[in-house]
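1. The following block contains a protein sequence and its predicted model.
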Amino acid sequence: MISKDEILHVATLANLKFQDDEVDSFVSQLDKIVGMESNLSSVDTTGVEPTYNMADTNSVFREDIGIHTQTREQMLENVPEVEDNLIKVPTIVDKEDAE
């Protein structure tokens, strides 16, 4: 059985704050969940294949092939600033702060 102290301990670790009536509710709810788990672990599953996916689906992932749809020049047309054929972005770190 899960105790109120255990609930409060986990809540402290997770930095959660609960009212006393909420903690009592969690105790009864978690007791039911643990009870269901123990019922499931007592079921004989000898010869039953594990189920990894409830749906009979095939992989829908495409083959990972790079497709070049634009040239570098076409992509750089939409960039505000370019320097040495690279995208120029604003500096976000002051060198003075790094010292």
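-> That came in fine, so what should we check first? From a predicted model like this one, the values you see are computed outputs, not experimental measurements.

2. How confident was the prediction at the closest residue to Ser3 other than its chain neighbours?
-> Nearest in space to Ser3, with sequence neighbours left out and distances taken as C-beta to C-beta, 6 or more residues apart in numbering, is Val27 at 7.2 Å. The way it works is simple: take the backbone N, C-alpha and C, and place the C-beta from them, glycine included. Residue-level confidence at Val27 comes out at 88, pLDDT.

3. Shouldn't Val27 be within a helix?
-> Yes: residue state for Val27 (DSSP: H, G, I helix; E, B strand; the rest coil) corresponds to a helix.

4. neighbours around it, how many?
-> 17 (other C-beta atoms under 10 Å).

5. tell me the contacts of it?
-> Counting by C-beta atoms under 8 Å, 6 or more residues apart in numbering, Val27 touches Ile2, Ser3, Lys4, Ile7.

6. what about the residue of the chain positioned farthest from its centre, distance to Arg72?
-> In the chain, counting by C-alpha atoms, centre = their mean, Asp84 sits farthest out from the average C-alpha position, at 39.3 Å. The span separating Asp84 from Arg72 equals 12 Å under the rule C-beta to C-beta, to the nearest Å.

7. likewise Asn85?
-> Counting by C-beta to C-beta - Asn85 and Arg72 are separated by 7 Å.

8. again, but for Val79
-> Following C-beta to C-beta, the distance that separates Val79 from Arg72 is 11 Å.

9. tell me the SS of Lys17?
-> Secondary structure for Lys17, judged by three-state DSSP, is coil.

10. Tell me the backbone dihedrals of it, please.
-> For Lys17, the backbone dihedrals (degrees, to the nearest 10) come out as phi -120, psi 130.

11. so the spatially closest residue to it that is not a sequence neighbour is in which element?
-> Sequence neighbours aside, Ala11 is the residue nearest to Lys17 in space, at 7.3 Å (criterion: C-beta to C-beta, 6+ apart). Assigned by DSSP states H and E, Ala11 belongs to helix 4-13.

12. and that helix, how far from the chain's centre?
-> Put simply, helix 4-13 sits 24 Å off its chain's centre (C-alpha atoms, centre = their mean, to the nearest Å).
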